[in-house]
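**Student:** pasting the structure only:
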């Protein structure tokens, strides 16, 4: 419930002016802006008593003002005071007898969170609005530290025995919430309702966050069971997660696990129109840190560790394949090294590292292997590593068996498994002889005298012309004709993309500027309406609706005076204004005279007037909407 504070000390920051001058300015302002209500600033707050770490809210409500800054916040020991920005914005426009009134309201929120128990005084908070500084009065706030006394318990359990680094560990997070029995009501609160007291967004789940996210994705939640502990009956909710410790000591993030629960002190009848049942009352915000059991983590033994061991813990099988197998020396060969997890544990594959192929003597003697790290891909219970090999000589006959070392925690020993050898057919690399290059140039070996004396004599006689003659075939320009089909295929996608982008942009613009769209179609709409009627009153209404829509105002028929004013703003000349005024007054007189002239044909005159009005300078840009919305005021 909001309590209104005593408010407000107004301190005028601007220069003082004589009273008579201020009164004259006020009268002038009221005469010009009589359609805007006076500005007002008020302050409210949600409560003056709260729990530790539970914020209250102080709200400045600013009415009919557009120029205001951020509140000047005080510093109070034990309180965290923070500006939250604009909480709500609202506006209201009323038009009564042609007079338009507008009011605007903005709520500026400030959160105050006590970090310890005690009684605090929040000094005045300053807010400058339209050059005037408003000060709130002091707020007295009492913060109480919540007492748990066993209502909520949080435990984390692991395996009974110690585990090795890298070995999977099954952890269990248990949340014990005492069953609540409301006094004076014979109702039994189910475990599903008690789970709703857990504030998942305010809790720190640590490594169990992923398990909760998977449950939420499947629209599930932890189910509770009833158990007795220390003579008190609890609902127990259990969340499990399998992890692999990456080092000695505690598991990362486990010590930070804490659960936030709003435990009730009573129940009350709901005041909602949608529900007449009971609801919790007097909620106590509790934050309970997990009590972590002893989880022992052992290092891997150094004795018997293979040279190619890269931290794999579990039980694995390996297989390899290569493509292509018929290659020349230096050609790339794609080697796929696959590791399968025998225990169907996908979590181990995420961090599994490949064997160091570039360090194995069995491979580097016959193949060139890059030393860059290999990124593997997980597919079910298999991880595939891909590397490129190049045979060094034609003597290579196969890719030898590749070892993969791992530690088996069940037998507590290191094991090494090997892939099967992969046979290859490697042929010598093709080479280009110098005689082939000479023949390709068009000169026979007999004609090519490459002796030093011959080259010097030729150079002295011919100069640069003594250089090797250029083959005419090298100067032959080669081109490729692009067919019409290829051109269409190449050009059509970008043209189609641009067309779709333009259509989407046009659609977004029309949705953002509905009044401008209405203004642009006003003439066609009015002429279509006039085709179905000849009555003078209906023709007059079409002209007035046309003028309203061209002015980017709501599609309602304006009065005669408003229509003339809008046409004058659009730049209509005096003659057109006289004709428009005569036509509209004639339709009004015909309406009051009932039978006399009520059924006169006014369509032709309305069409002529709309045609002339359409040549006026109607502004239909969205930036002018604010200006035009005030034309009728």
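**Tutor:** Now that the structure is in, tell me what you want to look at. Remember, it's a predicted structure, so these values are computed and weren't measured experimentally. Numbers count the residues shown, from 1 in each chain.
**Student:** low-confidence regions, the stretch 501-633 of the chain specifically.
**Tutor:** Low-confidence segments of the stretch 501-633 of the chain, defined by pLDDT under 70: 554-557, 590-601, 619-633.
**Student:** could you pull out the helices in it for me?
**Tutor:** 514-520, 522-530, 536-550, 560-569, 574-592, 603-613, 625-628 (DSSP state H, counting those that start in this stretch).
**Student:** got the domain ranges for this protein?
**Tutor:** Here the domain parsing of the chain from automatic domain parsing is 3-144, 152-298, 316-427, 514-628.
**Student:** okay, those in JSON lines with distance to residue 490 and mean neighbour count next?
**Tutor:** C-betas here are computed from N, CA, C, even on glycine. Shown next, in JSON lines, are the domains of the chain (distance: least, CB to CB, whole Å; neighbours: other CB atoms under 10 Å):
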{"stretch": "domain 3-144", "distance to residue 490": "51", "mean neighbour count": "14"}
{"stretch": "domain 152-298", "distance to residue 490": "43", "mean neighbour count": "15"}
{"stretch": "domain 316-427", "distance to residue 490": "31", "mean neighbour count": "16"}
{"stretch": "domain 514-628", "distance to residue 490": "36", "mean neighbour count": "17"}
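**Student:** out of these, which comes closest to residue 305?
**Tutor:** Of all the domains of the chain, domain 316-427 sits nearest to residue 305, with 5.9 Å by CB to CB.
**Student:** would TSV of the helices of the stretch 501-633 of the chain with distance to residue 167 be doable?
**Tutor:** Below are the helices of the stretch 501-633 of the chain laid out as TSV (distance: least, CB to CB, whole Å):
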stretch	distance to residue 167
helix 514-520	64
helix 522-530	76
helix 536-550	75
helix 560-569	82
helix 574-592	91
helix 603-613	85
helix 625-628	68
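**Student:** looking at those, spot the one closest to residue 66.
**Tutor:** Short answer: helix 625-628, nearest of those by CB to CB, at 11.7 Å.
**Student:** relative to residue 67, how far out is residue 42?
**Tutor:** Residue 42 sits at a distance of 18 Å from residue 67 (criterion: CB to CB, to the nearest Å).
**Student:** and residue 548, by the same measure?
**Tutor:** 31 Å.
**Student:** looking at the protein, which helix or strand does the model trust least?
**Tutor:** In the chain, the helix or strand scored least confidently by mean pLDDT, DSSP states H and E is strand 9-12, which has a mean of 36.
**Student:** ranges for the helices of the stretch 201-350 of the chain?
**Tutor:** Counting by DSSP H, counting those that start in this stretch, the helices of the stretch 201-350 of the chain are 209-217, 346-350.
**Student:** quick revisit: could I get the domains of the chain as CSV with distance to residue 506?
**Tutor:** As requested, these are exported to CSV (distance: least, CB to CB, whole Å):
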stretch, distance to residue 506
domain 3-144, 29
domain 152-298, 38
domain 316-427, 43
domain 514-628, 10
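**Student:** nearest to residue 492, of the ones you listed?
**Tutor:** The closest of these to residue 492 is domain 514-628. By CB to CB, the value is 30.6 Å.
**Student:** starting at the chain centroid, how far to the closest one?
**Tutor:** Distance, stretch centre to chain centre, for domain 514-628: 47 Å (CA atoms, centre = their mean, to the nearest Å).
**Student:** ok, back up a step: how about the helices of the stretch 501-633 of the chain, which one is nearest residue 383?
**Tutor:** helix 514-520 (55.9 Å).
**Student:** before we move on, the earlier item: can you flag the weakest of the helices of the stretch 201-350 of the chain by average pLDDT?
**Tutor:** Of all these, helix 346-350 carries the lowest average pLDDT, namely a mean of 73.
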